[in-house]
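**Student:** this is a predicted model, with the sequence first.
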Amino acid sequence: MNINKYLPHDSISPNILIDPEHLEYPGFSGTGFFCYLSAYEIFFYVTAKHCIKEPENTILAINYGPELEEIIEIDEILTTSTEETNELEDVLIFVISSNISNIKKSILKKRSLPLPPQDITNSLINILCEDNQKVRTLGFPKYDKNTEINYETNINKFQTRAFYGYIKNNSKENNRYAIEELNWSDGDYNGFSGSPVIALPKASINQKVYVVIIGMILTAGNKRCEFLSINIITNAIFNYINNKVNT
């Protein structure tokens, strides 16, 4: 089976960051992905919090896509905290403006990963862990030979890279899981933070492959990485939408 064709290459982006005082020198830090709740036409861009030190004072220069190279408009930036310690989770959720054209909404819907219901996520992760199944991620490693930010030509080059490993429920942190025995052999993992973790379960009847996001990469090293459950992100987005609808 050609796994690569199932991976959501169009849903991710390198985090291109611009200091408003130095517009001519964009930077790059980590990966992010587009997502949405299927019942609502509100779209989000998500990444790891440690990738963007001062999000309120940084321009997130992410384009809608190759067919529309305009920077996405951001309305708000959401954070969320753990129930146990009230400490902020390592996640930033950018609320993309809903006051945009239908063309832009159509592009975002094609690029965005649907967030699965929380109970389905929990059940799927439990099954994957019990069966020692493979999961995958894809992002933009910073020191990859195909990565280039050229200040002279203002042409940036990025190439998605992917790896897989075996999911484990052995993290010492709440709401986190591990991926071990990674097949990545191209050096540093720098740049994969914020990448989506993807499961590819098959339907038992017709063997159809489903693309399901189950988390977001936070740390990686020594053939092991840890990811945050997508439910933390889904809950934060659901609470935001619920408050927005009821106010």
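**Tutor:** Ah, there it is.
**Student:** residues contacting R161?
**Tutor:** R161 makes contacts with L138, G139, F140, P141, D144, D186, as judged by C-beta atoms under 8 Å, 6 or more residues apart in numbering. For every residue, glycine as well, the C-beta is placed using N, CA and C.
**Student:** ramachandran angles for it?
**Tutor:** Note on R161: its backbone torsions stand at phi -130, psi 150 [degrees, to the nearest 10].
**Student:** same deal with E70?
**Tutor:** Torsion angles, degrees, to the nearest 10, at E70: phi -100, psi 150.
**Student:** just checking, what packs against the longest helix seen in the chain?
**Tutor:** Ranked by residue count under DSSP state H, the longest helix found in the chain is helix 230-245. Identification of packing neighbours for helix 230-245 by 3 or more C-beta pairs under 8 Å, 6 or more residues apart in numbering; DSSP states H and E yields strand 74-78, strand 92-96, helix 118-130, strand 212-221.
**Student:** turn the ones you listed into CSV, columns for distance to N63 and mean pLDDT.
**Tutor:** Below are the helices and strands packed on helix 230-245 laid out as CSV (distance: least, C-beta to C-beta, whole Å; pLDDT from 0 to 100):
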stretch, distance to N63, mean pLDDT
strand 74-78, 13, 97
strand 92-96, 12, 98
helix 118-130, 29, 96
strand 212-221, 21, 97
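**Student:** show me the shaky parts of the chain.
**Tutor:** 1, 246-247 (pLDDT under 70).
**Student:** can I get the helices and strands packed on helix 230-245 in TSV with distance to R111 and mean neighbour count?
**Tutor:** As requested, these are exported to TSV (distance: least, C-beta to C-beta, whole Å; neighbours: other C-beta atoms under 10 Å):
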stretch	distance to R111	mean neighbour count
strand 74-78	16	14
strand 92-96	11	21
helix 118-130	21	15
strand 212-221	13	22
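**Student:** hang on, the earlier thing: may I ask which of the contacts of R161 has the most neighbours?
**Tutor:** Within the contacts of R161, most neighbours by other C-beta atoms under 10 Å means G139, with 28 neighbours.
**Student:** bridging residues for it?
**Tutor:** Assessed by DSSP bridges, G139 has beta-bridge partners R161.
**Student:** and it, how close does it get to C51?
**Tutor:** Using C-beta to C-beta, to the nearest Å, G139 is found at 11 Å from C51.
**Student:** for W184, same thing?
**Tutor:** 19 Å.
**Student:** for G139 and C51, list the residues in contact with both.
**Tutor:** By C-beta under 8 Å, 6+ apart, the residues touching both G139 and C51 are G30, S193, G194.
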